[in-house]
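**Student:** after the sequence you'll find the predicted model.
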Amino acid sequence: MCRYFSNHAATVMTSHLKFGALPTFDELPSFHDFKGCAWDIWGKDDELGTINLLTPEVIARAAQEEIRLGRTVSLNWPIHFPSRPVFGRKIPSITTFAKYGSTIPVRDDIIHINTQSGSQWDGLKHYGITEHNVFYNNTPAEILSEGEMELHDPSEIDYSKVKLGMHNWANHGICGRGVLLDVVRYYTANGEALPYDPWTSHPITVAELEAIAKKQGVEFRQGDILLLRIGFIQKYYASTNEVKVDLRGGSEKETFAGIEQSEDMKRFLWNNHFAAVASDQPSLERWPTPMGTQLHQTILGLYGMPIGEFFDLEALSQLCQETNRYTFFFTSWPLNIIGGAASPPNAAAYF
């Protein structure tokens, strides 16, 4: 049997196991100087990370409790946006053409994008522990594939080279209870101005997130998918085209609000045992990061927790306010890219 399929089956089956109490952040071992290494939680061959928390029982409970009104919201920004991606990523190219000429009503599309130019999940192959050149579960970077991958026969796939790819999450799905913490509405609900600029390197603290959860009446539970509305997309829509283009002006222009880089934030994310975390910002964590503090290394590399960025949370915010509910059923089915490092989320919320 092809190693890809045998290992894929084992990976998916992992999330069907029942887990006892998970260790706290401070109970996790360290990896060299990095605290909070969760590699031993689901075994040395695990490729799902915290998606293991989305068991059939967790998913079924969320669906039963949260889908009441039959209302749905897309969480995907159109793949055209931002039209000038940050961090030097390729400008999206979407071409529709008449396949047999303009007189015959048949159209095709050709889409050429960087999977992280817009709404995205950062996968386990996106970012590892840079100092030690390893990804999640101590996977050496040099053994993984890079460059164009041409596949003709599933039995020819070299599993070792596609390890940690997006196909694992794509086949499992990222489904469960979603929770929105609406930072923007928390500060502006009574007509006040937002006390920070989403396009500046402003840190969102654990104290703020906990205060927002309390005000919204949210109590976290294991396996929640946490969404943070911080304000990038709202400002994008309110800005001129000249200002939008200026975002691609190089590293000095790439300053964005996001969660703070702190030990408290690492504890908050792990101790609440979120299955995934996402925001509407270009970077989940404030950018640029203070020297030596990148949370991507901990969240992806040590926890195995999906990071979502550029999620469009504007319509979700409105529906949450209208219903006075900040929990919902969440689904995401990433592109089934064998060995992929990232993917558009194809995400939705159900009320």
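**Tutor:** Thanks, I have the structure now. What you are looking at is a predicted structure, and each value in this text was computed from that prediction instead of being measured. Numbers count the residues shown, from 1 in each chain.

**Student:** what does residue 29 show for phi and psi?
**Tutor:** Main-chain torsions, residue 29, degrees, to the nearest 10: phi -70, psi 170.

**Student:** ok, and the residue nearest to it when sequence neighbours are not counted, which helix or strand is that part of?
**Tutor:** Nearest residue to residue 29, sequence neighbours excluded (CB to CB, 6 or more residues apart in numbering): residue 37, at 5.3 Å. Backbone N, C-alpha and C define where each C-beta goes, glycine included. Residue 37 is part of no helix or strand, with elements assigned from DSSP states H and E.

**Student:** and residue 37, what does it touch?
**Tutor:** 28-31, 302 (CB atoms under 8 Å, 6 or more residues apart in numbering).

**Student:** let's verify the nearest residue to residue 175 once chain neighbours are set aside: helix, strand, or coil?
**Tutor:** The shortest distance from residue 175 to any non-neighbouring residue, by CB to CB, 6+ apart, is to residue 331 (4.7 Å). Following DSSP: H, G, I helix; E, B strand; the rest coil, we place residue 331 in the strand state.

**Student:** low-confidence regions, the stretch 251-351 of the chain specifically.
**Tutor:** For the stretch 251-351 of the chain, no stretch has pLDDT under 70.

**Student:** ranges for the strands of it?
**Tutor:** For the stretch 251-351 of the chain, strands defined by DSSP state E, counting those that start in this stretch occupy the ranges 258-259, 276-279, 307-309, 327-332, 342-343, 347-350.

**Student:** give me the neighbour count for residue 32.
**Tutor:** Neighbourhood size, residue 32 [other CB atoms under 10 Å]: 8.

**Student:** distance check, the closest residue to it other than its chain neighbours against residue 140.
**Tutor:** In this structure, residue 32 finds its nearest non-sequential neighbour in residue 132, 6.5 Å apart by CB to CB, 6+ apart. As judged by CB to CB, to the nearest Å, residue 132 and residue 140 stand 9 Å apart.

**Student:** looking at the two, which is more packed in?
**Tutor:** residue 132 (15 against 11).

**Student:** per-residue confidence at the more buried one?
**Tutor:** Looking at residue 132, its pLDDT stands at 96.

**Student:** ok, now which ones touch the closest residue to residue 277 other than its chain neighbours?
**Tutor:** With CB to CB, 6+ apart as the criterion, residue 277 has its nearest non-adjacent residue at 4.5 Å, and that residue is residue 226. Residues near residue 226 by CB under 8 Å, 6+ apart: 178-179, 181, 220, 269, 272, 274, 276-278.
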